[in-house]
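Q: Could you work out the structure for the sequence below:
(chains A, B and C)
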Amino acid sequence: MIRRKHTLAAAVVVSAALALTACGGEAPASDLSSVKIMAPFLEAQPPTADGAVQKKLEELTGKDVNITWTPNASYEDKMNITLASSDIPHVLVVQGKTPGFVKNAEAGAFWDLTDKLKDYPNLKTTFPEVQQNASVNGKVYGVYRGRNPIRAAVMFRQDWLDKLGLKAPETTEDLYKVAKAFTEQDPDGNGQNDTYGITIPKWGGLGTNSPYDLVETWYGAGNRWAERDGKLVPSFETDEFLEANRFIKKMVDEKLINPDFATFDSTKWNEPFFNGKGGIIIDVDSRASVLINLFKQANPNDFQNKVGFVGSLKGPDGELHAHPTDGYSGFLAIPKSSVKTEADLKNVLTFLDKLNSKEAAVLINNGIEGVNFNVVDGLAATIKPETPEGKAVNTDIKSFAQLGTNVTGNNFYPVKQASEYEQKVFDDRVAVMAKDLKSAVYNPAAAFVSPTYVAKGAQLDNIVADARIKYLAGQTDEQGLKDAIKLWNTSGGDKVKEEINKLWQDNKK
Amino acid sequence: MKIHNTRGGRVFDAANYVFLSLVGIITLLPFVYVLAGSFANEAEITRRAFFVWPEQFTLSAYEYIFSTPAFTKALVTTVLVTLVGTLIQLILTVTMAYPLAKKNLRGRKLIMSLVVFAMVFSGGMIPTFLLVKDLGLLNTYWALILPAAINPFSLIIIKNFFQELPDELEESAKMDGATEIGILWRILLPLSKPVLATFALFYAVGIWNDFMSPLLYLSDNNMWTLQMYLRQVTAASDLLGTGNVDPSYIPPEQGIKFAVIVVATLPILIFYPFLQKHFAKGMLIGSVKG
Amino acid sequence: MTAPVVEAKASERVAAKPPAPRRRRGFAVHFAHYKWLYLLLLPGVLYFAVFRYGPMYGVSIAFKDYVPFLGVNGSPWVGVTNFTDFFANPDFPQLLGNTLILAFLNLGIAFPLTIILALLLNEVRLSVLKRTVQTLVYIPHFLSWTIVASLSFLLFALDIGPLFQFVNGLFGTNVDILSDPNWFRPLIVLQEIWKNTGWGTIIFLAALATVDQDQYEAAIIDGAGRFRRVWHITLPGIRSTIIVMLILAIGQMLNTGFEQIYLMTNALNRSVADVFDTYVYFVGITQGAYSYSTAVGLFKSLVGIVLIFGTNWLSKRFNQSGLF
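A: Predicted coordinates:
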């Protein structure tokens, strides 16, 4: 059981690579009959190599597909090891513009696809601004994996709101009122003062879509960077940033927010909401469905009026500054050491083009029609009860969806929800997100990679992120927060600003 | 041997027993919670902060993780690799430790210094990976066993233990015409059972808990060991709150997480009681000499 | 009365040593005499040469600007900039201080507790209890830091955690233990004790199993009590194990671990929580500075090797027993 041979496909790739080096790079284009991909999986287990989804995918693309599924937890380690070895896949899922990726890209590890993608109908993006966000200073090193940019939502206990006769919040001021009522007016009617408004867990750095970031954007502080007097400044240098944090601090001081917000375990975020302690969560909208599922599991007959939600809130200026993400989650990059010639590159791009065709998008996101889902009113309805084949497909697509790029929009079917109520919630979510998209405040510096920020950014941002929490917790005053921002500047932030502004100006030309 | 107990001794015994029982309970409880949680549904885990018995008993988490053959396969693989690997590693360590225990063997000090140096310094992940690759060990189970074959720490302790054994044992065996290997096999090893059992356990646990080796050296997920799955479910949800996670990602349910922990931990926990009998007193030097 | 026994053994060993062979010809004789021993040594030496020293060139990463794509050899040299940057870093004193304090707390509290627990277990004559407790105390070693952290969050939760109430009741205070910088170190040491003390006893229990039983009988005849037997027989019997373990622990003391500390760090306690290992994570992983983090690792290794050789030398001077 100890000895095991390399898989045949791997051997083919290796010998192909050897043949190429032997011919000094002038080799005739190999037809790359097998495409090797490295991708993360997020589920409890990866798909099986001989599964139905993979077979169908090979049929659709006309290639042998050989996917190395790697646990998400240590993906970057495995990626760096892989890049240092000679056995490199043709397509590499890169999870984000990490400093490690930028270094490799600038050293020439990946093909520059900036001028190439437009030649492929399914890769020519219909969201050029997202492609720009995903680029490194304008250079496109991969086919981005599109994500709905609007995710911000305020979720609240609908039953509490109804009981207190309140309306769903529309502005940050409404949020305050609802939080105050949830704290002080005994929304669960047990006669005790044992509830509070908003639950905020321990959260990492700046610009990570934390509840703090969201409120700041709603206040008009921009999204990571904001334009002020013709220059880009970090959001935390705007007046709105301070106003937003004064607002949050007021809620902390009035005990409308859980007092242990600096340490609260983020994996337990649902608990106070579900257990009727804290009535509001500010997070991505998909949490709404997780919460609804919890209530459904606890009582399948009474779960429809527990969870309410709205999107981004209007700020004190009466305007809606919706908080979007950068609209992508990493990209599919093509390493130069495995794909050596332009002809090979064309081959791989053709493969990726097919991977983003409607048929393939449906396959990797919905599954196989008639096996695990049927199309009902333009929605993918999961076949119940699950057959063993259907179950396998349902498990596999959760991982295969990681290969989806959707740069021309979502070409697959939305999933039909389990009940009428859940379908309504889902439709509402879609509607809210569509509305917020019109007022989205994007990060104007998303595409720009400043060398100083690559080298020091994480440490620099911690200075301000920690000061923000200390200010909210009352361990430092507003001057302390301002001092921390000054320290950010003197520790290297000045240079980051300079570099980002230069890139921004150059890009405008 | 019966030790006469004084009154003070009995009081001490009673206090000691109570104290150790408490320690035992404190160390056991969290695992019981994990076990109970693996049989509970998400709503119950969310509602109850801590429990040792689920109100609504469900097997759904186990059904999920055993719904594909992957888990069962990984379990079998892990057990086999652990058993074979432990044996190989233990043999290599003991054969190296024995000569090093001879105080008059030349070069011994140099080798020991190099061993200690290698314990503290390492070339790092990437050169080791390239070496494993060049040796043709990628995608073989040897890659999980050989790179960590001799743990310097274990080597030093075993060597010191051999050194402690009385020399007259060997002297008399030599007079009877035994070879060095014969002495090691027939005299030292039987005497060293507690120590060998200890390091068998250390090596077994090392292989069992190893996550980086399968991650880096095995690309074929048919070959994976349990830790790959364990880390996947326990680490994925930790990323929440760091902004490093795909916003559309919904973490696995707690119950599944707990069930994976149980499946990946229970077999190695059961291993210990089997080794425990070798820790028993009485069969050792004292009795051999007498 | 026990010390002479040990010393007698030691002197026997010295006496048994053959006369030292001479020079080169002497070595041939020596080698021929011990050929079986050298043969036994061979696989181990090969292993160290190939798997431990073979990749050692990777240490050069610390003196380069390493980019995975360019490889170890292809990345440009940068000299000692990574080291000078590290030592000149304004955070360096704080990192060093935090690391050392945690290291000494672990060494001073967790290490002796392991021995005490092993001794207590060794005193148990009720076999069922002994075996059960032994098995139970080693379970936590197998639970990940994630689980330990989430249990800590549960037990010390503000206002409602049972240990929050207990500790604050004890001291008559009302502090949030999870975020208070003063409580960070006790919390880390407590977690370490809970998770690894039981596991650490294994090696001492194995050593205790080899303590000569005859000596106990002699001591009982002499009328020695429980405590005196432990002090005069048991502890000297495992002295060399304790010393070896201590030297090894001292050599590893700068490795405070990353995961545990990372999980327990938050904005309010970071000033006491940042240690070398978390810093390496931030710089190396989050910021992709592999060379820089390798340099920090190399610095830690250097300190470790100095500590090991130093304590080994000291121990040999005073005790005549050590690592090698």
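
Q: Give me the distance between C:A209 and chain A.
A: C:A209 sits at a distance of 33 Å from chain A (criterion: CB to the nearest CB, to the nearest Å). Backbone N, C-alpha and C define where each C-beta goes, glycine included.

Q: Counting neighbours, what do you get for that residue?
A: Neighbour count for C:A209, taken as other CB atoms under 10 Å in any protein chain shown: 22.

Q: Also A:D162?
A: Neighbours of A:D162 (other CB under 10 Å): 12.

Q: domain assignment for chain B?
A: B:7-58, B:66-289 (automatic domain parsing).

Q: With mean pLDDT and mean neighbour count added, can I get those in CSV?
A: Listed next are the domains of chain B as CSV, based on pLDDT from 0 to 100; neighbours: other CB atoms under 10 Å in any protein chain shown:
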stretch, mean pLDDT, mean neighbour count
domain B:7-58, 89, 16
domain B:66-289, 82, 19
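
Q: With distance to C:Y216 added, can I get these in JSON lines?
A: Shown next, in JSON lines, are the domains of chain B (distance: least, CB to CB, whole Å):
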{"stretch": "domain B:7-58", "distance to C:Y216": "13"}
{"stretch": "domain B:66-289", "distance to C:Y216": "9"}
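
Q: of all those domains, which lies closest to chain C?
A: In terms of CB to the nearest CB, the element of these nearest to chain C is domain B:66-289, at 2.7 Å.

Q: roughly how far out does that closest one sit from the chain middle?
A: Distance of domain B:66-289 from the chain centroid (CA atoms, centre = their mean, to the nearest Å) equals 6 Å.

Q: if we can go back for a sec, any chance of the domains of chain B in a markdown table, plus distance to chain C?
A: Below are the domains of chain B laid out as a markdown table (distance: least, CB to the nearest CB, whole Å):
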| stretch | distance to chain C |
| --- | --- |
| domain B:7-58 | 4 |
| domain B:66-289 | 3 |
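
Q: mind checking the SS state of the residue positioned nearest the centre of chain A?
A: When CA atoms, centre = their mean is applied to chain A, the residue found nearest the centroid is A:S329 (5.0 Å). Secondary structure, DSSP: H, G, I helix; E, B strand; the rest coil: A:S329 is strand.

Q: Quick check: it touching A:N148?
A: No - at 10.3 Å, A:S329 does not count as touching A:N148 under the criterion of CB atoms under 8 Å.

Q: Am I right that A:F426 sits in a strand?
A: No - A:F426 is assigned helix when assessed by three-state DSSP, not a strand.

Q: Grab the nearest non-local neighbour of it.
A: A:Q417 (4.9 Å; CB to CB, 6 or more residues apart in numbering or on different chains).

Q: if I've got this straight, the one you found is in a strand?
A: No - assigned with three-state DSSP, A:Q417 falls outside any strand and is coil.

Q: which residues does it contact?
A: In this structure, A:Q417 makes contact with A:423, A:425-426, judged by CB atoms under 8 Å, 6 or more residues apart in numbering or on different chains.

Q: where does chain A have low pLDDT?
A: Counting by pLDDT under 70, chain A contains low-confidence ranges at A:1-31.

Q: mind giving me the domain split of it?
A: Taking automatic domain parsing as the reference, chain A has its domains at A:8-148+A:327-403, A:152-323+A:441-445.

Q: Tell me the span between the first and last residue of the shortest one.
A: Domain A:152-323+A:441-445 has an end-to-end distance of 20 Å (CA to CA, to the nearest Å).

Q: Is there proximity between that domain and chain C?
A: Yes - contact of domain A:152-323+A:441-445 with chain C (CB under 8 Å from any CB of the partner chain) involves A:202, A:259-260, A:262-265, A:267-268.

Q: filter those by proximity to chain B?
A: Answer for those near chain B (CB under 8 Å from any CB): A:202, A:267.

Q: Give me the buried entries from the residues of domain A:152-323+A:441-445 next to chain C.
A: Burial by neighbour count, judged by 16 or more other CB atoms under 10 Å in any protein chain shown, picks out A:202, A:260, A:262-265, A:267-268 from the residues of domain A:152-323+A:441-445 next to chain C.

Q: just the helices in the stretch 201-324 of chain C please.
A: With DSSP state H, counting those that start in this stretch as the criterion, the stretch 201-324 of chain C has helices at C:213-221, C:226-229, C:235-237, C:239-251, C:259-264, C:270-273, C:276-280, C:290-319.

Q: Take those helices and write them to CSV, including mean pLDDT and mean neighbour count.
A: Formatted as CSV, the helices of the stretch 201-324 of chain C follow (pLDDT from 0 to 100; neighbours: other CB under 10 Å):
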stretch, mean pLDDT, mean neighbour count
helix C:213-221, 78, 15
helix C:226-229, 83, 14
helix C:235-237, 86, 18
helix C:239-251, 89, 20
helix C:259-264, 89, 20
helix C:270-273, 92, 17
helix C:276-280, 89, 23
helix C:290-319, 90, 18
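
Q: nearest to A:F156, of those?
A: helix C:259-264 (29.5 Å; CB to CB).

Q: A:Q132: what's it in contact with?
A: Counting by CB under 8 Å, 6+ apart, A:Q132 has contacts A:138, A:446-447.

Q: How about A:T382?
A: A:372-373, A:390, A:394, A:415-416.

Q: Redo the residues you listed as CSV? Include neighbour count and distance to chain B.
A: As requested, those are exported to CSV (neighbours: other CB atoms under 10 Å in any protein chain shown; distance: CB to the nearest CB, whole Å):
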residue, neighbour count, distance to chain B
A:N372, 24, 14
A:F373, 23, 18
A:G390, 20, 12
A:N394, 18, 10
A:V415, 15, 12
A:K416, 18, 18
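
Q: Residue 79: how many residues sit nearby?
A: Here I'm looking at chain A. When neighbours are counted by other CB under 10 Å, A:M79 comes out with 24.

Q: let's do chain C instead
A: Using other CB under 10 Å, C:G79 has 9 neighbouring residues.

Q: what's near enough to touch residue 304?
A: By default, I'm working from chain A. Contacts of A:Q304 by CB under 8 Å, 6+ apart are A:Y421.

Q: Actually, chain C is the one I wanted.
A: B:120, C:251-255.

Q: right, and the pair among the residues of domain A:152-323+A:441-445 next to chain C with maximum separation?
A: Greatest spacing in those, by CB to CB: A:P259 and A:T267 (19.1 Å).

Q: Might you enumerate the residues of the stretch 201-324 of chain C proximal to chain B?
A: C:202-203, C:205-206, C:209-210, C:212-217, C:220, C:225-226, C:240-241, C:244, C:248, C:251, C:263, C:294, C:297-298, C:301, C:304-305, C:308-309, C:323-324.

Q: run the last query once more with 6 Å
A: Applying CB under 6 Å from any CB of the partner chain, we find that the stretch 201-324 of chain C lies next to chain B at C:202-203, C:205-206, C:209-210, C:212-214, C:226, C:244, C:301, C:304-305, C:308, C:323-324.

Q: What of the stretch 1-150 of chain C?
A: Counting by CB under 6 Å from any CB, the positions of the stretch 1-150 of chain C adjacent to chain B are C:13, C:16-17, C:30, C:34, C:36-37, C:40-41, C:43-44, C:47-48, C:51-52, C:54-56, C:58, C:120, C:123, C:131, C:133, C:135-137, C:139-140, C:142, C:144, C:146.

Q: can you tell me which of the residues you listed are in helices?
A: Judged by DSSP state H, helices contain the following of those: C:13, C:16, C:30, C:36-37, C:40-41, C:43-44, C:47, C:120, C:123, C:131, C:133, C:135-137, C:146.

Q: Any quick ChimeraX command for the buried ones out of the residues you listed?
A: Per 16+ other CB under 10 Å, the buried members of these correspond to this ChimeraX selection:
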select /C:30,37,40,41,44,47,120,123,131,133,135,136,137,146
